[in-house]
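*Asks:* Below: sequence and its predicted model.
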Amino acid sequence: ALRQTNSGLAFAFFNEPLVTIDSLWPLGGPTGGGTRVVVRGSGFVDHGGVFCRFGTASTPSSVVPALLRSEAELVCVSANVSAGGVVRVALTLNGDRAAFIESNASFEYYDPKSLRVSGVLPVAGPAAGGSLLSVSGAGFALLGPVRCNFGWPTQTVNATVVNSSLVLCVTPFISGPEWL
């Protein structure tokens with residue numbers, strides 16, 4: 001509700017319990033930050049500055065500006081953090097960086113150095129594509145879109161995370177024989 005003060009200035013009240021975070025995508029990203037995170041929920045309205053906080057109030061560097069797309073969606077870019085782990089995501093809709101609306105939505109930071117590919121089977125397939133590849137390694141997690149890249153120029157296909165050490169993807173059509 002919009003109210004006028006005695007001096008004629010406007011002040012807007014909003015009902016904080018109606019502001020919710022229902023989902024995040026992707027669910028995680030590297031500790032270096034830079035992951036574009038789509039936040040979906042309800043009650044998102046810009047009352048003087050929309051910001052996301054990754055973590056707690058004790059980590060002020062984790063506060064980043066958000067782009068408001070609608071009353072149900074906004075986008076923020078994950079902050080750079082010093083260590084991996086799961087953090088809660090909170091919002092402020094009025095620019096007050098001391099008054100965040102807390103949520104149960106979480107984002108998982110991972111150390112990109114923990115990701116490792118150790119093998120690919122089969123080691124060859126037809127240029128027509130369609131071969132199911134098993135990519136083995138360590139540190140795989142379904143935190144967001146997982147993809148396999150092939151060839152030059154690079155062709156990208158979606159992948160399926162089976163577990164922390166196995167990802168599956170299907171090879172695309174490649175216009176000529178290449179080493180990948």
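*Replies:* Ah, there it is.

*Asks:* give me the low-pLDDT residue ranges for the chain?
*Replies:* Under the criterion pLDDT under 70, the flagged ranges of the chain are 1-5, 8, 10-14, 59-61, 142, 152, 176-180.

*Asks:* pretty sure residue 167 contacts residue 160?
*Replies:* Yes - contact criterion C-beta atoms under 8 Å: residue 167 and residue 160 qualify, at 6.8 Å. C-beta here means a position set from N, CA and C on the backbone, and glycine is covered the same way.

*Asks:* ok, now which ones touch residue 148?
*Replies:* Taking C-beta atoms under 8 Å, 6 or more residues apart in numbering, we find residue 148 in contact with 133, 135, 156, 157, 159, 167, 169.

*Asks:* filter those residues to the buried ones?
*Replies:* Those of the contacts of residue 148 that meet the buried threshold are 133, 135, 159, 167, 169, by 16 or more other C-beta atoms under 10 Å.

*Asks:* What separation do you get for the third one and residue 117?
*Replies:* As for residue 159, its distance to residue 117 is 11 Å (criterion: C-beta to C-beta, to the nearest Å).

*Asks:* shared neighbours, these two?
*Replies:* Both residue 159 and residue 117 are in contact with residue 135, where contact means C-beta under 8 Å, 6+ apart.

*Asks:* Between residue 167 and residue 160, which contacts overlap?
*Replies:* residue 146.

*Asks:* Report how many residues lie close to the spatially closest residue to residue 35 that is not a sequence neighbour.
*Replies:* The shortest distance from residue 35 to any non-neighbouring residue, by C-beta to C-beta, 6 or more residues apart in numbering, is to residue 29 (2.9 Å). By other C-beta atoms under 10 Å, 23 other residues sit near residue 29.

*Asks:* Kindly state the beta-bridge partners for residue 29.
*Replies:* Beta-bridge pairing of residue 29 under DSSP bridges involves residue 109.

*Asks:* where's it relative to residue 112, distance?
*Replies:* Per C-beta to C-beta, residue 29 is found 9 Å from residue 112.

*Asks:* ok, now residue 97?
*Replies:* Where residue 112 is concerned, residue 97 sits at a distance of 28 Å (C-beta to C-beta).

*Asks:* Residue 37 now?
*Replies:* 17 Å.

*Asks:* How about residue 46?
*Replies:* In this view, residue 46 and residue 112 are 33 Å apart by C-beta to C-beta.
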